[in-house]
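S.K.: build me a model:
(one chain, ligands or ions: 1)
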Amino acid sequence: MAKRVRKAVFPVAGLGTRLLPATKSIPKEMVTIVDRPLIQYAVDEAREAGVEQLIFVTGRGKSALVDYFDQAYELEATLKAKGKSLDPIEPSNARFGEVVSVRQQQPLGLGHAVWCARHIVGDEPFAVLLPDELMLGKPGCLAQMVEAYDRVGGNIVAALEVPDSETHKYGVIDPGATDGRLTEIRGMVEKPASGTAPSNLMLPGRYILQPDVMRALDAQETGAGGEIQLTDAMAKVIGTQPFHAYRFDGERYDCGSAAGFVIANVAVAMQRGDVAPAVRDFISSR
Ligand code: G1P
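M.R.: Residues are numbered from 1 along each chain as shown. The predicted structure follows:
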C-alpha cells in the first residue's frame, strides 16, 4: 500500500508582480476570492485530501500569510463582546501546530522553493499546491489525486489541456498510455519553446511526489529561465518509479493575473448562495 500523504508544501514566496500594485504590501495569496484569501482555498483543498501538516515556503513581506492561520484573540474578544458571530473567522482550517513555515531566501525557482522544505518533509511522500492556481471540484483536485494515488502509488501530477499556443508558459508532459483519468508520463519539459511541446497537457500546480524528487532537487541544477525547476527534478525520476498525470474533474482558474482573478471571483461567487443572486443580477444588467 502506498504511504499516506500527510504533508503539503505551499510555495508562497513569489513577488506576485502580475498583481501589482496590490502586491506591493500584501502577499498575492492574501488577495481575496469573494471573501476568503486565495491561500484559504488551497489549504481547504489539502485538508480535504487528508493532509495534516501545512508547510509554507515564504519570503520577505509574506508574514501576513502565516499570521492568517493564527487564532485572532483580539478579534474574537471584540466580536464576542459585541454579540457578533465568530463564523467569519472560523474557517482557517488549521489546528495548533499544523502550520510550519520556512524561508526561501532567494528567488531561485519553484524547484528551489520546494527544496527549502526538505528538512520538514523528510523521507516521505508529499503534496505540492500552487495557491494561485484555484482548482474547484467536488471532491477537490488533491482529494481526487489521493484517491488515485491509493490505487497506483508513485508520483501523480494534475494535468489539463490548454491550447497549443499556451504550452510555452507551463510545464508540459509527454503522455503514454491512458486508463480512465490516469495517463502514464514518459517525460516532461518546463516551458517548451513554441512548437516543440510534447503534448498540450500542462501542469496546473498540484503534485503528489515521492521523496526521490526532493533528492533530485539536491543537485540544484538550473533549467528554463535560469531557475531551479520542479519539472526537471520530476523528469529525473520518470522510469524509476510510477509517474502518472491525473485529469481532474473540475475547473481551474489561473489567479496569477488580474483577469484570471476577476474570473475566479465571478466563478466562486456564482457557487455561493449568499452572493450569487446579486452578482447574477448585476452581470445580466450589463
Ligand atoms: C510553475 C511551474 C509550471 C506550471 C505552472 C502552473 O510555473 O513551473 O510547471 O505549469 O507553475 O501555474 P510558473 O507559473 O511559476 O512560471
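
S.K.: how about the longest helix along the chain: buried residues?
M.R.: Looking across the chain with DSSP state H, the single longest helix is helix 258-271. Within helix 258-271, the residues that qualify as buried are 260-261, 264-265, 268-269, counting by 16 or more other CB atoms under 10 Å. (Glycine included, C-beta is placed from N, CA and C.)

S.K.: pull the distance from the helix or strand hosting residue 186 to the chain's centre.
M.R.: Using DSSP states H and E, residue 186 sits in strand 182-190. Offset of strand 182-190 from its chain centre (CA atoms, centre = their mean, to the nearest Å): 19 Å.

S.K.: going forward, begin numbering at 143 instead of 1
M.R.: All right, first residue 143 from here; so that's strand 324-332.

S.K.: in its sheet, what does it sit against?
M.R.: Sheet pairing for strand 324-332, assigned by DSSP bridges, gives strand 313-321 (antiparallel), strand 385-388 (antiparallel).

S.K.: tell me if the longest one is near the ligand.
M.R.: So that's strand 313-321. Yes - contact of strand 313-321 with the ligand (CB under 6 Å from any ligand atom) involves residue 313.

S.K.: ok so, going back, dump the strand holding residue 328 to CSV, keeping only the CA atoms.
M.R.: Output of strand 324-332 as CSV, limited to C-alpha atoms (Å, rounded to 0.1, in the frame of the first residue of the first chain):
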residue,chain,number,x,y,z
LEU,A,324,-4.8,8.5,-15.3
THR,A,325,-2.2,8.8,-18.0
GLU,A,326,1.3,7.4,-17.8
ILE,A,327,4.0,10.0,-18.1
ARG,A,328,7.0,9.4,-20.4
GLY,A,329,8.7,12.7,-19.9
MET,A,330,8.1,16.3,-19.1
VAL,A,331,9.5,19.7,-20.0
GLU,A,332,9.3,23.1,-18.4
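
S.K.: is the ligand contacted by the helix or strand that that strand is followed by?
M.R.: Following strand 324-332 in sequence order, the next helix or strand is strand 343-344 (DSSP H and E). Yes - using CB under 6 Å from any ligand atom, strand 343-344 reaches the ligand at residue 344.

S.K.: sorry, back to before: report all helices and strands that the longest helix of the chain contacts.
M.R.: Counting contacts by 3 or more CB pairs under 8 Å, 6 or more residues apart in numbering; DSSP states H and E, helix 400-413 is packed against strand 174-175, strand 275-278, strand 393-396, helix 418-427.

S.K.: show the contacting residues for residue 274.
M.R.: Residues in contact with residue 274 (CB atoms under 8 Å, 6 or more residues apart in numbering) are 156, 158, 170-171, 180, 347, 396-398.

S.K.: so which residue of the stretch 143-292 of the chain comes closest to the ligand?
M.R.: Residue nearest to the ligand within the stretch 143-292 of the chain: residue 252 (4.6 Å; CB to the nearest ligand atom).

S.K.: do you know how far the residue lying closest to that residue once chain neighbours are set aside is from the ligand?
M.R.: In this structure, residue 252 finds its nearest non-sequential neighbour in residue 372, 4.7 Å apart by CB to CB, 6 or more residues apart in numbering. Distance of residue 372 to the ligand, given as CB to the nearest ligand atom, to the nearest Å: 6 Å.

S.K.: what helix or strand is the residue lying closest to residue 248 once chain neighbours are set aside on?
M.R.: Setting aside the residues directly before and after it, residue 248 is nearest to residue 254 in space (CB to CB, 6+ apart), at 7.6 Å. Per DSSP H and E, residue 254 falls inside helix 252-257.
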